[in-house]
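Visitor: Quick one: sequence plus predicted model below, questions after.
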Amino acid sequence: MAGGDRGVFAVAAIIIIFAMLMFVPQFMGPVAPPGLLMLAAIPVILLVVFIVLSRN
């Protein structure tokens, strides 16, 4: 992957995440607090995203 492709991927990932944060809650019904599994999954997902975006 060339250096420019990484920048495009990062920008696309940010735009997709932003769109999900803006529009997905509009289609959800009443929500409950997240369960323990979801709370444990969030740091793992963030770690994977960080590793993918920081690879050389």
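Guide: Received the coordinates, thanks.
Visitor: now the biggest helix by length in the chain: mean pLDDT?
Guide: Longest helix of the chain, by residue count under DSSP state H: helix 3-23. The average pLDDT within helix 3-23 is 88.
Visitor: how much distance is there from the very next helix or strand once past it to the middle of the chain?
Guide: Proceeding N to C from helix 3-23, the next assigned helix or strand is helix 36-54, under DSSP states H and E. Offset of helix 36-54 from its chain centre (CA atoms, centre = their mean, to the nearest Å): 8 Å.
Visitor: pLDDT of helix 36-54, averaged?
Guide: For helix 36-54, the per-residue pLDDT averages 92.
Visitor: mind saving the C-alpha coords of the longest helix of the chain as PDB?
Guide: Coordinates of each C-alpha in helix 3-23 appear next as PDB, following Å, rounded to 0.1, in the frame of the first residue of the first chain:
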ATOM      1  CA  GLY A   3       1.700   6.200   1.400                       C
ATOM      2  CA  GLY A   4      -1.100   8.200  -0.200                       C
ATOM      3  CA  ASP A   5      -3.500   5.200   0.000                       C
ATOM      4  CA  ARG A   6      -3.100   5.200   3.800                       C
ATOM      5  CA  GLY A   7      -4.300   8.800   4.100                       C
ATOM      6  CA  VAL A   8      -7.300   8.100   1.900                       C
ATOM      7  CA  PHE A   9      -8.200   5.100   4.000                       C
ATOM      8  CA  ALA A  10      -7.900   7.100   7.200                       C
ATOM      9  CA  VAL A  11     -10.100   9.900   5.900                       C
ATOM     10  CA  ALA A  12     -12.600   7.400   4.600                       C
ATOM     11  CA  ALA A  13     -12.700   5.600   8.000                       C
ATOM     12  CA  ILE A  14     -13.200   8.900   9.800                       C
ATOM     13  CA  ILE A  15     -16.100   9.900   7.500                       C
ATOM     14  CA  ILE A  16     -17.800   6.500   7.800                       C
ATOM     15  CA  ILE A  17     -17.500   6.500  11.600                       C
ATOM     16  CA  PHE A  18     -18.800  10.100  11.700                       C
ATOM     17  CA  ALA A  19     -21.800   9.200   9.500                       C
ATOM     18  CA  MET A  20     -22.600   6.100  11.700                       C
ATOM     19  CA  LEU A  21     -22.500   8.200  14.800                       C
ATOM     20  CA  MET A  22     -24.800  10.800  13.300                       C
ATOM     21  CA  PHE A  23     -27.400   8.600  11.600                       C
END
